[in-house]
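# fold the following.
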Amino acid sequence: MDMKLSFPLKALNVDSCAVKYTQILVKKPSVTPHDFGCQAWIADKLASLGFKIEHQNINGVLNTIAILKRSEHNFAFCGHTDVVPVDDESQWLAPPFSAQIINNKLIGRGVADMKGGIAAALSAIEKLIAFQGQPKHSIWFLLTSDEEGEANFGTKEIVNTLLRKGVQFSAALVGEPTSDKFIGDTIKIGRRGAISFKLTAFGKSGHVAFPERAKNAAHIAQRIMSALLSIDLNPQASSSGYTSLQITHLNSGNFVDNIIPAQCEINFNIRYNNQFSESSLTTLINKCIEEVTTDYKLTSHCGCEPYFSDPTDSAILQSLAESIGQTVGKRPIFSTTGGTSDGRFMANICPAVFELGLKNHSIHQINEHADIDDIRTLETLYYNIFNRFLYQEQPTPIKELVGDNPSFVTQTLNL
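The predicted structure follows:
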């Protein structure tokens, strides 16, 4: 008998597999960069739906590329199966990899970040295919065990593989935990870039009683810090967030009370919007330092480029917001706050990258958890999103709808 469903669904009227799937995944202790069988289990589920599976093992990192090819319109769900290490187990209400449910909360490392999101997506696509049959458009699941670590061999390598094959995506959903007060209230449409600097200022050591015979590197460092913190990093407003410089560490060597230090190290981190690049920031920082001293050494590491999917130029993002609003009763806000994510890699092959998942209040903490009802709600959201993008015609480009006056869209921004 054909089952007729109206969309969007307010809730799935069948038993949710998302909670059970979350428990199965959490019980696999996949501390980064290890996968511990998570992707193999997910791949078996996807293969039974008709997905073609490709596995990668790059320097101990496991990646999975799964595709159900239907048309040239490609939609991706992106996730990571690795989790951060566990804090003091004695302080947990339940063993962190036991996936126990206490007071309607599923407790365990990786529940919110982001095995609950993967489980919700997997359960949603299973039900959608069961109810609706094969989709009109192509759906990909892109998974890695290298997101919580250095992220050198995970989604970055998946994207490199897809670039070589000429694959491009219409939209990509990253299942990171983005929600705040209720599931679906916040969509990340970008992330600021990040870069860490280590600066060594050189002076000349000497006795504190004879400062005229020395050159205090700590004093030089103080003037450099003052100059760095005086840089106007936000000369104009940006919808992709603000740029911020934070001093994170100082070190003038082994402390001796009567010796002037010969060198002083300053560590600082910059989170930056898409008005900057790593190169332009490095040039700016060098120029600033050289106004104080030329006797220094500057190195950088952990560079992460920013990405931004402009909602005023994306019918897909507006369609997404509409779908969420119809499901939970309130339109979400668009945001670029928070740390870096693998969305930055997907932006190289997709113009509309967005992140949507469970609440993020407990991620990386003791007793990480998610409400059972939240996991089910996320499954329903993903179900409706997949239905909209995979079973319907592609939306009209937003500029064809609103011309050059997208003010009605920007009212939803909270950047």
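# report the contact partners of the nearest residue to residue 180 once chain neighbours are set aside.
Spatial nearest neighbour of residue 180, excluding adjacent residues (CB to CB, 6 or more residues apart in numbering): residue 186 at 5.4 Å. For the C-beta atoms, the positions are set from N, CA and C on the backbone; glycine is no exception. Contact analysis of residue 186 by CB atoms under 8 Å, 6 or more residues apart in numbering lists 178-180, 332-333, 335.
# next, residue 186: phi, psi?
Note on residue 186: backbone dihedrals following degrees, to the nearest 10 are phi -140, psi 130.
# give me the distance between it and residue 351.
21 Å (CB to CB, to the nearest Å).
# and what of residue 207?
62 Å.
# those two: who's more crowded?
Set residue 207 next to residue 351 and count neighbours by other CB atoms under 10 Å: residue 351 wins out with 16 against 11.
# picking up where we left off before, for residue 341, state which of the contacts of residue 186 is nearest.
Comparing the contacts of residue 186 against residue 341 with CB to CB picks out residue 178 as the nearest, at 9.4 Å.
# residues touching the closest one, list them.
By CB under 8 Å, 6+ apart, residue 178 lies in contact with 186-188, 335, 338, 355-357, 360.
# ok, now how distant is it from residue 83?
Taking CB to CB, one finds residue 178 at 17 Å from residue 83.
# in PyMOL, how would I select the buried members of the contacts of residue 186?
A single PyMOL command selects the buried members of these (16 or more other CB atoms under 10 Å):
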select buried, resi 178+179+332+335
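# now the contacts of residue 186 as a markdown table including pLDDT and secondary structure?
Compiled in a markdown table, the contacts of residue 186 are given as follows (pLDDT from 0 to 100; DSSP: H, G, I helix; E, B strand; the rest coil):
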| residue | pLDDT | secondary structure |
| --- | --- | --- |
| 178 | 97 | coil |
| 179 | 97 | strand |
| 180 | 96 | coil |
| 332 | 93 | coil |
| 333 | 92 | strand |
| 335 | 92 | strand |
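# pLDDT check: weakest of the contacts of residue 178?
Across the set of the contacts of residue 178, residue 338 stands lowest in pLDDT, at 84.
# I'd say it and residue 191 touch.
Yes: using CB atoms under 8 Å, residue 338 is in contact with residue 191, at 6.7 Å.
# higher neighbour count, the two?
residue 191 (30 against 17).
# looking at that one now. What's its pLDDT?
For residue 191, the model assigns a pLDDT of 92.
# start the count at 57 instead of 1 going forward.
Sounds good: first residue 57 from here, last item residue 247.
# what's across from it in the sheet?
Beta-bridge partners for residue 247, by DSSP bridges, are residue 363.
# one step back: any idea which of the contacts of residue 242 is the one closest to residue 148?
residue 235 (22.8 Å).
# the closest one pairs with what?
residue 415.
# surely it is in contact with residue 415?
Yes: with contact defined as CB under 8 Å, residue 235 counts as touching residue 415 (4.6 Å).
# overlap in contacts of the two?
Common neighbours of residue 235 and residue 415 (CB under 8 Å, 6+ apart) are residue 430.
# what segments of the stretch 107-256 of the chain are strands?
Secondary structure of the stretch 107-256 of the chain (DSSP state E, counting those that start in this stretch): strands located at 108-114, 117-124, 130-136, 156-158, 161-163, 194-200, 227-230, 242-244, 246-247, 249-258.
# just say which of those is most tucked in.
strand 246-247 (a mean of 29; mean count of other CB atoms under 10 Å).
# hmm, who's touching it?
For strand 246-247, the external contacting residues (CB under 8 Å, 6+ apart) are 296-297, 330, 360, 362-365, 392, 394-397, 399-400, 409.
# now those: which count as buried?
Using 16+ other CB under 10 Å as the burial test, those include 296-297, 330, 360, 362-365, 392, 394, 396-397, 399-400, 409 as buried.
# which members of the residues you listed are the farthest-apart pair?
Greatest spatial distance among these (CB to CB): 360 and 365, at 16.4 Å.
# which element is the residue nearest the centre of the chain on?
Residue closest to the mean C-alpha point of the chain, counted by CA atoms, centre = their mean, is residue 397 at 2.6 Å. Using DSSP states H and E, residue 397 is not contained in any helix or strand.
# ok so, going back, of the contacts of residue 234, which is the nearest to residue 94?
Minimum distance to residue 94 across those is 16.4 Å, recorded for residue 413 (CB to CB).
# now do the SS call for the closest one.
At residue 413 the chain is in coil, as set by DSSP: H, G, I helix; E, B strand; the rest coil.
# that one touches residue 170, doesn't it?
Yes: counting by CB under 8 Å, residue 170 is a contact partner of residue 413 at 5.8 Å.
# name the residues contacting each of those two.
231-233.
# and of the residues you listed, the nearest to residue 152?
When the shared contacts of residue 413 and residue 170 are compared against residue 152 (criterion: CB to CB), the nearest one is residue 233, at 16.7 Å.
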